[in-house]
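Undergrad: structure for this input, please:
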Amino acid sequence: MEIERLISALSEIKRLYAKDKTGMFDHEYISPEVVQTPQKAFYSQKRSVAFEQSAGAVSGEFVMCYPPGIPILAPGERITEEILHYISYAKEKGCFLTGTKDMKIERVNIVEGD
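TA: Residues are numbered from 1 along each chain as shown. Model prediction:
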C-alpha cells in the first residue's frame with residue numbers, strides 16, 4: 001500500500017514539474033559545412049555582423065544551447081539559413097544560448113576575408 005502511494009506521488013511530481021519538450025531539439029541535427037579548422041577560425045581576424053545578415057559567412061565563435069551544451073555552430077563552420085532558423089527557434093523557446101561575445105545573439109563574430 002505504501003509503495004503505491006509513493007509511486008502515485010512520484011508520478012504526480014513528474015507531471016507537475018515536467019518541462020514541455022514540444023518541438024525541442026530531440027531529433028534535429030544540422031550537418032555543418034566545415035570551411036576552416038576551428039583553431040584557424042577562432043584565431044583569425046573577425047568582425048561583428050548582425051545575426052540576421054550572417055548567412056553565408058564563416059563563424060568565428062561558438063553558439064551553444066545549454067542544456068545540453070552541444071554546439072549549434074562552431075568556429076570554422078559556414079553559417080546557413082537553416083542554422084540561423086535553428087538558433088532563432090532556440091531563442092524563442094527560451095533556451096540558454098552561450099559561447100558568443102554577444103549573449104543576446106543579436107550579433108555574431110564572423111571570420112574576415114572568407
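
Undergrad: can you tell me the helix or strand for residue 90?
TA: For residue 90, the enclosing helix or strand under DSSP states H and E is helix 81-92.

Undergrad: what about that helix, distance to the chain center?
TA: Distance, stretch centre to chain centre, for helix 81-92: 8 Å (CA atoms, centre = their mean, to the nearest Å).

Undergrad: mind checking what helix or strand follows the helix or strand bottoming out on mean pLDDT in the chain in sequence?
TA: Of all helical and strand segments in the chain, the minimum by mean pLDDT, DSSP states H and E falls on helix 2-17, at a mean of 79. Sequence-wise, the next helix or strand downstream of helix 2-17 (DSSP H and E) is helix 38-43.

Undergrad: centre of the chain to that next one, how far?
TA: That offset, for helix 38-43, works out to 19 Å (CA atoms, centre = their mean).

Undergrad: just the CA atoms of it, as CSV, please.
TA: C-alpha atoms of helix 38-43 as CSV (Å, rounded to 0.1, in the frame of the first residue of the first chain):
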residue,chain,number,x,y,z
PRO,A,38,38.1,25.6,-35.6
GLN,A,39,41.6,26.7,-34.5
LYS,A,40,42.2,28.8,-37.6
ALA,A,41,38.8,30.4,-37.5
PHE,A,42,39.0,31.1,-33.7
TYR,A,43,42.3,32.9,-34.0
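
Undergrad: buried stuff in that helix?
TA: Neighbour-count burial for helix 38-43 flags 41, 42 (criterion: 16 or more other CB atoms under 10 Å). (Glycine included, C-beta is placed from N, CA and C.)
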